[in-house]
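# Have a look at this prediction, sequence included:
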Amino acid sequence: MSPKVSQEHKEQRRSNLLEAAKEVFIEHGFEKATMKHVMDKAGVSRGGLYQYFDNKEDLFEALIEEQQMQSLDESLKTMLKHQGSYWDALLMTFLGEDKKPTNNMDPLAPSKLEYFITGRKEKRRQEHARKRFLQAYKMIIHIIEEGVKEGEFAPRFEVEVMAKSIISWIDGMAVDHAILDSESIRLKEQTEMLLEYLKWGLNVKE
């Protein structure tokens, strides 16, 4: 009789597999990455990997969902406690903890682009893309609406339009960054321009 494995140990194993998968997808891209690559990187058997993930799509979706959930994990109230303002909370959703524009893009962005564009006609990927969009959209909407209630924002445009514009801007830069070099798109400067536009569009009260 095999010994029971604790839930904590299972979660740690899964976390280790996702970390290995992240390195593999960054190195090979989505299309060329294989489950064998992940097995080798994580140092596990075929059964050790397939016990947690059915296939490459399942593994990749789990990886990007976990990445997105890191920004959704805390409640807005807890986030504000650390960030100090709704403006800072908004910046953190797409700039991370530093909240500063840089020339760095999410290293998984090219693999995400491959996954969603090459499979854009597949129902599973369409649904996953829609789910990710709605998660980001709802969070941005919530931050802006709470900022309005507290008198920090006085939007010049419809809140829904501004939230969708932020996502489209970020996604557009991610596409260009995956295809072109950072100097060609000047990621930092474009992000600084986005922030100035958002400050004006939200009519941020400092």
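Sure thing, it's come through. Residues are numbered from 1 along each chain as shown.

# Point out where the chain drops to low pLDDT.
For the chain, residues meeting the criterion pLDDT under 70 lie at 1-5, 67-81, 83, 181-183.

# cutoff 80 now
When residues are selected by pLDDT under 80, those of the chain lie in 1-6, 66-84, 96-97, 178, 180-184, 206.

# per-domain residue ranges of it.
1-66, 74-206 (automatic domain parsing).

# In the protein, mark out all the helices, start to finish.
When secondary structure is read from DSSP state H, the chain shows helices at 7-32, 35-42, 46-50, 56-72, 76-83, 86-95, 109-118, 123-149, 159-179, 182-185, 187-202.

# Serialize those helices to a markdown table and add fields for distance to P101 and mean neighbour count.
Glycine gets a C-beta too; all of them are placed from N, C-alpha and C. As requested, these are exported to a markdown table (distance: least, Cβ to Cβ, whole Å; neighbours: other Cβ atoms under 10 Å):
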| stretch | distance to P101 | mean neighbour count |
| --- | --- | --- |
| helix 7-32 | 22 | 16 |
| helix 35-42 | 32 | 17 |
| helix 46-50 | 38 | 13 |
| helix 56-72 | 17 | 16 |
| helix 76-83 | 17 | 14 |
| helix 86-95 | 7 | 20 |
| helix 109-118 | 16 | 19 |
| helix 123-149 | 17 | 16 |
| helix 159-179 | 11 | 16 |
| helix 182-185 | 12 | 12 |
| helix 187-202 | 4 | 15 |
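
# can I get these in CSV with distance to T102?
Output for the helices of the chain, formatted as CSV (distance: least, Cβ to Cβ, whole Å):
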stretch, distance to T102
helix 7-32, 17
helix 35-42, 27
helix 46-50, 34
helix 56-72, 17
helix 76-83, 18
helix 86-95, 8
helix 109-118, 14
helix 123-149, 20
helix 159-179, 12
helix 182-185, 10
helix 187-202, 6
